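Novice: This is a predicted model, with the sequence first.
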Amino acid sequence: MLCLACTMPSDGPLCERCRLQLRPAPEITVGSGLVGVAGFVHEGPARLLVHALKYRGVTAAAGPLIEAMADRLPSSATALIPVPRARLRVLRYGVDPAVILASGVANRTGLPVIPALRSRWWWRRHAGRSRSERDAVSFEASGRTVFRGAVLVDDVLTTGATMLAASVTLRGLPTLALTGTIASRVKQGDGPSGGAVTVHPSRGPNDRNTLRARMIDDVELSRVRDPGRGHNRDGEEHE
């Protein structure tokens, strides 16, 4: 068989060289009340896996990402909410990566997948564009019930603006963003007090009790945020 990342001959989904190049992602604070965790840093083989899934429809490439994502999920998580791709891109590429990843994590954990968000038909691709050139990302709530402890799921976290837009659409109930990769250029968000937050490197297995406590604290913070603010955020479609 061929390695899903580099396409060289391999005994498994990934060759030994690509497996060794996978780097655990840091846990970050995306913004007030939202924590981001991912399987890997968005580089090398991990980036190739995301690209194969998003642009070539190689659903098998989601396997290594799903395995790592499931390992980062705290035991307090109650449900998984895919952050949908722009609908025209789903038609063009034939896949919605967030749906595939959420379904895979659900199969491993037994958590339900809730389609709580609806995407717009289209927005401009934002990769390589400055913030002033990007469209505002927005979603609509589908009306499905969102449980406390629900987790947003997507393929890659870049600036975090898309995840924040999704969280605000759901009135701040999701306090964890789970992605396949986190881009090394991710911009740190602001903490609840308005000060810059620090990025904490991963050190071995994720401390689920600590993350669970942070999720609970962030839920309390989200209650006092203004739910009437708009659902648009300047961000990217991660492409």
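Specialist: Now that the structure is in, tell me what you want to look at. Residues are numbered from 1 along each chain as shown.
Novice: Quickly list what residue 79 is bridged to.
Specialist: residue 150 (DSSP bridges).
Novice: just the strands in this protein please.
Specialist: For the chain, the strands defined by DSSP state E occupy 28-31, 34-41, 79-82, 117-119, 136-137, 139-141, 150-157, 176-182, 233-234.
Novice: looking at these, which is buried most?
Specialist: Each of these was scored by mean neighbour count; the highest is strand 176-182, a mean of 29, by mean count of other C-beta atoms under 10 Å. From N, CA and C alone the C-beta is placed, and that goes for glycine too.
Novice: what lines up beside that strand in the sheet?
Specialist: strand 34-41 (parallel), strand 150-157 (parallel).
Novice: quick one: which of these is nearest residue 72?
Specialist: In terms of C-beta to C-beta, the element of these nearest to residue 72 is strand 34-41, at 4.6 Å.
Novice: Can you get me a residue count around residue 9?
Specialist: Neighbour count of residue 9, defined by other C-beta atoms under 10 Å: 9.
Novice: From what I see, it and residue 3 are in contact.
Specialist: Yes - using C-beta atoms under 8 Å, residue 9 makes contact with residue 3 at a distance of 7.5 Å.
Novice: intersection of neighbour lists for these two?
Specialist: Shared contacts of residue 9 and residue 3 (C-beta atoms under 8 Å, 6 or more residues apart in numbering): residue 15.
Novice: ok so, going back, need the strands paired with strand 176-182 in CSV (columns: distance to residue 74 and mean pLDDT).
Specialist: Shown next, in CSV, are these (distance: least, C-beta to C-beta, whole Å; pLDDT from 0 to 100):
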stretch, distance to residue 74, mean pLDDT
strand 34-41, 9, 95
strand 150-157, 8, 96
